[in-house]
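>>> just the structure for this:
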Amino acid sequence: MGLILLRYGELALKGGNRPVFLRKLRRNVRACLRASGLEGQVESAGSRLFVHTGQVEQAIAPLQRVFGVVSLSPVVETPRDLEAMAQEAVRQAVAAGLGPSRSFRIAARRADKHFPYTSPEIGRALGAAVCQATNARVDLSDSADVSIGVEVMHDRVLLYGQVYPGPGGFPLGSAGRAVALMSGGIDSPVAAWMMMKRGCSIIPLHFRHNDVEAGKALDNCRLLEQWSYGFRLRPIIMEQAEVFGPTYQRLRALGEERWTCVMCKRTLITKAIEVAAEHHALAVVTGESLGQVASQTLENLGVIGYGQTLPILRPLIGLDKIEVMDLARRLGTYDISVREAEGCAYLPRHPLTRGNIAALQRLLAQLEQPVRGGAEVEP
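Model prediction:
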């Protein structure tokens, strides 16, 4: 059986609640292995998690998508003997392609203070052995070509020559559930992913207004499923015309089409809050970024959120479009989101950019009144 070391970050600061977070992290790691068709066992030891598996190479990529994991390394156990440790360090160096033209460092961590050698002494002894075997130069900075890690624990010594990054954050499910508005665009899947990183289990909700955008939204949900270990993503589809259509007709009848985008977002969020109540969710997630479009000015965001009964989470609020696009590329959602697009049928020619609560209250009062003449206007 091979061994993979998993490191976590923020969880270590949780004090008395840390066992709860670690249980969720272990559960999600097991779910990751099952979903990937891999066999393995998960255990905690000190401030580390370990995966025992005979499929180490196949497990690395899926484990890199487990929220709460900061980094991971395939590790080799050695006896608590300096000579055996040096031999394994040389083996790791050779496997990493270390030679005269490259640099390395030994990063030793002595968790067991009863071990007879200090961390600097371990580093010097192992470094000397690696230098003699490879003629590589020592570089103690982060820019070293190869970093060989050594962890001296109470019952074993672990060595590794590779560190793979994880997403960090909190284990999925540790922060409750949230309904995420999911369009076919770039922003919303990134916003959902960012809340998943903070421990939220996501319920995707798409308001369908055409097949093209619905297809992109569902494809992005399938991609996000690869990050949702421990909670199955079950997208919910509703017809935008059924949810917002009646309000749009009233706006046109009143000659208030400029309010369309703001009222559309208010209406969809209100419906999302109803969905949240049905699924025991505690918030609604949107992909809004301050000032990106007319409905996302600070004034309009205040109007959209006015009177809503659940928190509206906007994880992208301080990011610009380039930053969001970079994140989308990293996740793999970008190529899906920029496929052929079909615009919204409700987009007004001159959308409202500076709404206010007093005007909203007057408009809501008008919307509650019957339309004069009983005429309805189709979009």
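
>>> so which residues of this structure form strands?
Remark: strands of the chain, listed N- to C-terminal, are 2-8, 41-45, 48-53, 69-78, 103-110, 137-138, 146-152, 157-160, 164-165, 177-181, 201-208, 236-239, 284-285, 312-313; assignment by DSSP state E.

>>> against which helices or strands is the longest one packed?
Spelled out, it's strand 69-78. Identification of packing neighbours for strand 69-78 by 3 or more CB pairs under 8 Å, 6 or more residues apart in numbering; DSSP states H and E yields strand 2-8, helix 56-63, helix 82-95, strand 157-160, strand 164-165. Where C-beta positions appear, they are placed from N, C-alpha and C, glycine not excepted.

>>> now do 10 Å
strand 2-8, helix 18-35, strand 48-53, helix 56-63, helix 82-95, strand 146-152, strand 157-160, strand 164-165 (3 or more CB pairs under 10 Å, 6 or more residues apart in numbering; DSSP states H and E).

>>> tell me what angle the lowest-mean-pLDDT helix or strand in the chain forms with strand 2-8.
Of all the helices and strands that make up the chain, strand 41-45 has the lowest average by mean pLDDT, DSSP states H and E, namely a mean of 90. For strand 41-45 against strand 2-8, the angle by axes from the mean of the first three to the mean of the last three CA atoms, to 10 degrees is 50 degrees.

>>> tell me which strands strand 41-45 pairs with, and in which orientation.
Using DSSP bridges, the strands paired with strand 41-45 are strand 48-53 (antiparallel).

>>> what residues does the partner strand touch?
By CB atoms under 10 Å, 6 or more residues apart in numbering, the list of residues contacting strand 48-53 from outside reads 1-8, 11, 22, 25-26, 29-30, 32-33, 38-44, 59, 63, 66, 68-69, 72, 74-75, 111, 151, 153, 158.

>>> show me which of the residues you listed are buried.
Burial of the contacts of strand 48-53 was assessed by neighbour count (16 or more other CB atoms under 10 Å); the buried members are 3-8, 11, 22, 25-26, 29-30, 32-33, 38, 40, 42, 59, 63, 66, 68-69, 72, 74-75, 151, 153, 158.

>>> that older thread, next, format the helices and strands packed on strand 69-78 as JSON lines and append mean pLDDT and distance to residue 277.
Compiled in JSON lines, the helices and strands packed on strand 69-78 are given as follows (pLDDT from 0 to 100; distance: least, CB to CB, whole Å):
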{"stretch": "strand 2-8", "mean pLDDT": "95", "distance to residue 277": "33"}
{"stretch": "helix 18-35", "mean pLDDT": "95", "distance to residue 277": "24"}
{"stretch": "strand 48-53", "mean pLDDT": "93", "distance to residue 277": "35"}
{"stretch": "helix 56-63", "mean pLDDT": "97", "distance to residue 277": "34"}
{"stretch": "helix 82-95", "mean pLDDT": "94", "distance to residue 277": "54"}
{"stretch": "strand 146-152", "mean pLDDT": "94", "distance to residue 277": "47"}
{"stretch": "strand 157-160", "mean pLDDT": "94", "distance to residue 277": "47"}
{"stretch": "strand 164-165", "mean pLDDT": "96", "distance to residue 277": "37"}
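
>>> which stretch among these comes nearest residue 210?
The closest approach between residue 210 and any of those, judged by CB to CB, belongs to helix 18-35 at 31.7 Å.

>>> any idea how far that closest one is from the chain center?
On the basis of CA atoms, centre = their mean, to the nearest Å, helix 18-35 sits 16 Å off its chain's mean C-alpha point.

>>> one more: stretch 83-90?
38 Å.

>>> which parts of it are buried?
Counting neighbours by 16+ other CB under 10 Å, the buried set in stretch 83-90 is 85-90.

>>> contacts for that stretch?
Residues from elsewhere that reach stretch 83-90 (CB under 10 Å, 6+ apart): 76-79, 81, 98, 104, 106, 108, 117, 122-123, 125-134, 148-150, 152, 157-161.

>>> report the buried members of these.
Buried members of these, scored by 16+ other CB under 10 Å, are 78, 98, 104, 106, 108, 117, 122-123, 125-127, 129-131, 133-134, 148-150, 152, 157-161.

>>> if I read this right, residue 264 contacts residue 257, doesn't it?
No: counting by CB atoms under 10 Å, residue 264 sits too far from residue 257 to count as a contact (11.2 Å).

>>> neighbour count: those two, which is higher?
Neighbour tally, residue 264 and residue 257, criterion other CB atoms under 10 Å: the higher count belongs to residue 264, 23 against 19.

>>> what's the burial count for the residue lying closest to the more buried one once chain neighbours are set aside?
Leaving out its chain neighbours, the residue that sits closest to residue 264 by CB to CB, 6 or more residues apart in numbering is residue 244, at 5.2 Å. The local packing count at residue 244 equals 24, with neighbours defined by other CB under 10 Å.

>>> what do you get for residue 298?
Neighbourhood size, residue 298 [other CB under 10 Å]: 10.

>>> equivalent analysis for residue 293, please.
Going by other CB under 10 Å, the residues that sit close to residue 293 add up to 13.

>>> how many neighbours does the closest residue to it other than its chain neighbours have?
Of all residues beyond its chain neighbours, the one nearest residue 293 is residue 261 (7.7 Å), with distances taken as CB to CB, 6+ apart. Taking other CB under 10 Å as the neighbour definition, residue 261 ends up with a count of 23.

>>> okay, domains of this structure per the record?
Structural domains annotated on the chain: 2-165, 177-374, as defined by automatic domain parsing.

>>> overlap in contacts, residue 264 and residue 257.
Residues touching both residue 264 and residue 257 (CB under 10 Å, 6+ apart) are 248, 251, 346-348.

>>> tell me the one of those nearest residue 316?
Of all the shared contacts of residue 264 and residue 257, residue 316 sits closest to residue 347, with 20.9 Å by CB to CB.

>>> quick check, residue 256 in contact with residue 363.
Yes: in terms of CB under 10 Å, residue 256 counts as a neighbour of residue 363; the distance is 6.3 Å.

>>> perfect, that will be all.
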